[in-house]
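S.K.: Curious how this folds, go ahead:
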Amino acid sequence: MFFDSWYDMLRVAVMAVCAYAALMVVRLSGKRTLAKMNAFDLAVTVALGS
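M.R.: As a prediction, this is how the structure comes out:
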């Protein structure tokens, strides 16, 4: 219904794991790191999240 092939399902699973790992890296780096981000870093973080 949602996926045409196993490749699509694998791609979604891999992207979900990568996004989760990236969020954990940001989370573990602390709030101070987020406060020191400039506008470009924030835009890249939001773009990766979407």
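
S.K.: CA atoms for contacts and neighbours, from now on please.
M.R.: Will do.

S.K.: residue nearest the centroid of the chain?
M.R.: Closest to where the C-alpha atoms of the chain average out (C-alpha atoms, centre = their mean) is residue 19, at 3.1 Å.

S.K.: and that one, what helix or strand is that in?
M.R.: Residue 19 is located in helix 6-29, with elements delineated by DSSP states H and E.

S.K.: The helix or strand hosting residue 42 versus helix 6-29: what angle between them?
M.R.: Per DSSP H and E: residue 42 is located in helix 39-49. Orientation of helix 39-49 against helix 6-29 (axes from the mean of the first three to the mean of the last three C-alpha atoms, to 10 degrees) gives an angle of 140 degrees.

S.K.: from the chain's centre, how far out does helix 39-49 sit?
M.R.: Offset of helix 39-49 from its chain centre (C-alpha atoms, centre = their mean, to the nearest Å): 10 Å.

S.K.: before we move on, back to that, ok, now how distant is the nearest residue to the residue nearest to the centre of the chain once chain neighbours are set aside from residue 22?
M.R.: Distances taken as C-alpha to C-alpha, 6 or more residues apart in numbering put residue 49 closest to residue 19, at 7.2 Å, once the chain neighbours are dropped. Look at residue 49 and residue 22: by C-alpha to C-alpha, to the nearest Å, they are 9 Å apart.

S.K.: Flag the shaky bits of the protein, pLDDT-wise.
M.R.: 1-2, 30-34, 50 (pLDDT under 70).

S.K.: picking that back up, what about the residue nearest to the centre of the chain, distance to residue 13?
M.R.: From residue 19 over to residue 13 (counting by C-alpha to C-alpha), the distance is 10 Å.

S.K.: Repeat that for residue 7.
M.R.: 10 Å.

S.K.: Could you do residue 28 as well?
M.R.: 22 Å.

S.K.: cool, and residue 44?
M.R.: Applying C-alpha to C-alpha to residue 44 and residue 13 gives a distance of 22 Å.

S.K.: Equivalent analysis for residue 20, please.
M.R.: Taken as C-alpha to C-alpha, the span from residue 20 to residue 13 is 11 Å.

S.K.: same deal with residue 49?
M.R.: Residue 49 sits 15 Å away from residue 13, going by C-alpha to C-alpha.
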